[in-house]
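Q: Return a 3D structure for these sequence lines:
(one chain, ligands or ions: 1)
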Amino acid sequence: MIKVAKFGGTSLSDDKQLIKVRDIIKNDDTIKYIVASAPGATNEINNKITDLLYLCYSSKKNNIYKEIFYEISERFKKIVEKLDLSIDLESELKNIFIDLENGCDEDYFVSRGEYLNSKLLAEFIGFDFVDAKDIICFNDDGFLNVEKTNEEISKILKDRENVVIPGFYGAYKDGRIKTFSRGGSDITGSLISRAVNADIYENWTDVSGLLMADPRIIKNPKKIDVMTYRELRELAYMGATVLHDEAVFPVREAKIPINIRNTNQPEGCGTLILENVQDEEKNRIITGISGKKNYTVFCINKSNMASQVGIIKNALDVFCKRKIAVEHIPTGVDSFSIIVSNNAVQKDIDKISKELKSNCNADSINIYSDIALISSVGRNIRNKSSIFKRLFSALERENIDVKIIAQGLSEINLIIGVDNKNFEDTIKAIYDEFVE
Ligand code: ASP
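A: Okay, the predicted model is just below:
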């Protein structure tokens, strides 16, 4: 059994958290590879080291960068002192500071949080340190070189175990550091898992797994014990955030399960994410509910629209030329709707409406702004016609007016659009109907 365990920023934020991580590893000798984030916020300190590194870099023109660098250094020094580590942190920090003063790249500078924290962790738990710059490879265009990365990880980690690798960054061919987008250590963990053929990718964080709904809206929502990658993608797209979006693909391809776990409650089994779930619990229709506010819906009405060739393309051209991403296109017989974010169309809304009318030769255009989309996701939604009845009865009881309905082709999600002001009540009504 081979496990890759990625520990996020809150799991490695100070000496106390590093001790918890050490205990987790001590109790599980199948964890062979660890991916570490930079220290995140602690109970006492609200700052993430990566945020401070970005701030320090962008403050280079004024003197406060020295104060910020001091604050960063103190965080690391405290860990070294408390855990009695022998790493020569002074020289590491001095070199990074000299690089900063000599005009190093931002990506290099902000990656130092992961680099230093991984060195500290490796010494503390007695693992080897392998630098991500040697195994995560980027092309000159800034995109990950997937094949080369896979090859390098396999080559360098072959016959090696008990290794800590910094997350979040890799390097171009010429050795310059390149970071992923924020939260990118999840991607590093996923890439390592695939290349070493792990049996499971554990992603350790500060929550006990994915919740069925946002706890700011639903009090004590139930945890999702097991779900599919597709369900995760749908929920994440509509706002549920635990894993970086791009972290799913490498492990999914290799059919490696992801297990989200809580460093502060290691006895819990967290959420397990798999390609397929064999359902004993067939009556659990909904796996999770997520949603986002602030959409605009353009409803294009045209009699007998379904038989007009190219009408949807003509409408999409209006958005395409403005580089506006379209979220959904629910269609009917005499109308179809195009759903986009409020922000993207606010300035040009009248022009867009006129262009849609003329491009599509439409009978009329209706526009609804400030719409919230709520996605109910579940692998068992498919083939359940009664779900519509139950959903709409529940919303009717709460006097919630449904503006649009869309079902993704994947048939594992049902999206409804309501006024922004009804967002929270809609989620509560769906949760009460299907979960409680
Ligand atoms: N430290 C980086 C961030 O805060 C990357 C990560 O933690 O995944 O975005």
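Q: So which bits of stretch 164-177 are buried?
A: 164-172, 177 (16 or more other C-beta atoms under 10 Å). Where C-beta positions appear, they are placed from N, C-alpha and C, glycine not excepted.
Q: What is the end-to-end distance of it?
A: One end of stretch 164-177 to the other measures 18 Å (C-alpha to C-alpha, to the nearest Å).
Q: quick revisit: which ones, among the buried residues of stretch 164-177, also lie beside the ligand?
A: Among the buried residues of stretch 164-177, the residues lying close to the ligand (C-beta under 6 Å from any ligand atom) are 167-168.
Q: Go through the buried residues of stretch 164-177 and flag which are in strands.
A: Within these, residues falling in strands by DSSP state E are 164-166, 169-171, 177.
Q: out of the buried residues of stretch 164-177, which one sits closest to the ligand?
A: Phe168 (4.0 Å; C-beta to the nearest ligand atom).
Q: how about that closest one, what does it touch?
A: 37-38, 50, 111, 113-114, 132, 179-180, 184-185, 188 (C-beta atoms under 8 Å, 6 or more residues apart in numbering).
Q: That one and Ala247: what is the separation?
A: 12 Å (C-beta to C-beta, to the nearest Å).
Q: again, but for Val35
A: Following C-beta to C-beta, the distance that separates Val35 from Ala247 is 11 Å.
Q: one step back: which ones among the contacts of Phe168 map onto helices?
A: If you go by DSSP state H, the contacts of Phe168 have 50, 113-114, 185, 188 in helices.
Q: how about the nearest residue to the closest residue to the ligand within the stretch 201-350 of the chain, chain neighbours excluded?
A: Closest residue of the stretch 201-350 of the chain to the ligand, C-beta to the nearest ligand atom: His244 (6.9 Å). In this structure, His244 finds its nearest non-sequential neighbour in Asp186, 3.9 Å apart by C-beta to C-beta, 6 or more residues apart in numbering.
Q: and the one you found, how far is that from Gly209?
A: 15 Å.
Q: Compare neighbour counts for these two and give me the winner.
A: Neighbour totals were compared for Asp186 and Gly209, and Asp186 leads with 26 against 22 (other C-beta atoms under 10 Å).
Q: Could you report the pLDDT at the more buried one?
A: Per-residue pLDDT puts Asp186 at 97.
Q: Quick check: it touching Ala247?
A: Yes: look at Asp186 against Ala247 with C-beta atoms under 8 Å: they come within range, at 3.8 Å.
Q: those helices in the stretch 151-300 of the chain, which residues are they?
A: With helices called from DSSP state H, counting those that start in this stretch, the stretch 151-300 of the chain shows them at 185-195, 229-237, 248-253.
Q: Make a markdown table out of those and add distance to Asn102.
A: Formatted as a markdown table, those follow (distance: least, C-beta to C-beta, whole Å):
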| stretch | distance to Asn102 |
| --- | --- |
| helix 185-195 | 27 |
| helix 229-237 | 40 |
| helix 248-253 | 35 |
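Q: most neighbours per residue, which of those?
A: Highest mean neighbour count among the helices of the stretch 151-300 of the chain (mean count of other C-beta atoms under 10 Å): helix 185-195, with a mean of 28.
Q: Contact partners for the closest residue to the ligand within the stretch 101-250 of the chain?
A: At 3.2 Å from the ligand, Ser185 is the closest residue in the stretch 101-250 of the chain, using C-beta to the nearest ligand atom. By C-beta under 8 Å, 6+ apart, the contact list for Ser185 reads 6, 8, 35-37, 114, 166-168, 244.
Q: now it, nearest residue through space, not along the chain?
A: Gly167 (2.5 Å).
Q: And the average pLDDT for stretch 63-80 is what?
A: 96.
Q: Please apply the same query to stretch 331-343.
A: 89.
Q: Same check on stretch 256-269?
A: 96.
Q: List the buried residues of that stretch.
A: By neighbour count on 16+ other C-beta under 10 Å, the buried set for stretch 256-269 is 256-263, 266.
Q: Relative to Arg160, which of those residues is nearest.
A: Ile256 (19.0 Å; C-beta to C-beta).
Q: Next, find the distance separating the residue nearest in space to the middle of the chain from Thr10.
A: For the chain, the residue sitting closest to the mean C-alpha position, by C-alpha atoms, centre = their mean, is His244 at 2.7 Å. Going from His244 to Thr10 by C-beta to C-beta gives 15 Å.
Q: Name the residues of the stretch 51-200 of the chain found near the ligand, please.
A: Residues of the stretch 51-200 of the chain lying near the ligand by C-beta under 6 Å from any ligand atom: 113, 167-168, 182-185.
Q: Dump those into a markdown table; add distance to Met1 as well.
A: Formatted as a markdown table, these follow (distance: C-beta to C-beta, whole Å):
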| residue | distance to Met1 |
| --- | --- |
| Gly113 | 31 |
| Gly167 | 22 |
| Phe168 | 27 |
| Arg182 | 32 |
| Gly183 | 27 |
| Gly184 | 27 |
| Ser185 | 23 |
